[in-house]
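Chemist: got a sequence here, can you model it:
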Amino acid sequence: MKIKTVHVTTLLAIGTMLSAASWPNKPMSTAQAAPFGDRYWVLTSTTIHPALDVDMDGEPDTDLTILREPCERDDVSKYRSDGVILTDHGSERCDEEEEHEEETGTWSYDASTKTVTMDHYHSDKPVIATVSSASSTKIVLTSRHESAHGTHTITAVMTPRN
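Modeler: Predicted coordinates:
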């Protein structure tokens, strides 16, 4: 199965940790969007601790980037101040019909709780994460995942596109 955006990888990794969450589907103010700077961000790493066998090969995994298709590794996403996620699929396309750039979802940020919610159009549930740190050079998101083996922490690191 081809995955259309980098953010789907995060959604798949987080999987069942997301409960049916309700959140306001409204554009954010520029002040709320400040950590993301209305610029393109690359998902550079995604890890899970303690390790969990996510690729079903019998070995526990900590690096969740193994779930990403090679064609997704040059994808970047812009979290616009109007609450829209815009994805640039880079030079390596996952399929011939994939648009170079497309609107892929909506997002919101609650500055008081440092919680970001990403609702991708092709997903059933939003991705909800805490912004652990944010600067002009790196954003670190963390979330929890409950599995049959216990509670896991997922950490995603995004850096700006050069």
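
Chemist: just the helices in the chain please.
Modeler: Assigned by DSSP state H, the chain shows helices spanning 6-14, 30-33.

Chemist: least confident of those, on average?
Modeler: Among those, helix 6-14 carries the lowest mean pLDDT, at a mean of 40.

Chemist: give me the neighbour count for residue 58.
Modeler: The local packing of residue 58 (other C-beta atoms under 10 Å) involves 6 other residues. Where you see a C-beta, it was placed from the backbone N, CA and C, and this is true even at glycine.

Chemist: please report the distance of it from residue 147.
Modeler: 15 Å (C-beta to C-beta, to the nearest Å).

Chemist: nearest residue to residue 41 in space, ignoring adjacent ones along the chain?
Modeler: When the adjacent residues along the chain are set aside, residue 41 lies closest to residue 158, with 4.2 Å between them (C-beta to C-beta, 6 or more residues apart in numbering).

Chemist: I figured residue 149 hits residue 51, correct?
Modeler: No. At 9.2 Å, residue 149 does not count as touching residue 51 under the criterion of C-beta atoms under 8 Å.

Chemist: these two: which is more packed in?
Modeler: residue 51 (14 against 11).

Chemist: show the pLDDT at the nearest residue to that one once chain neighbours are set aside.
Modeler: Spatial nearest neighbour of residue 51, excluding adjacent residues (C-beta to C-beta, 6+ apart): residue 60 at 3.4 Å. What the model reports for residue 60 is a pLDDT of 95.

Chemist: longest single strand anywhere in this structure?
Modeler: strand 40-52 (DSSP state E).

Chemist: partners of it, with directions?
Modeler: strand 61-63 (antiparallel), strand 76-79 (antiparallel), strand 150-160 (antiparallel) (DSSP bridges).
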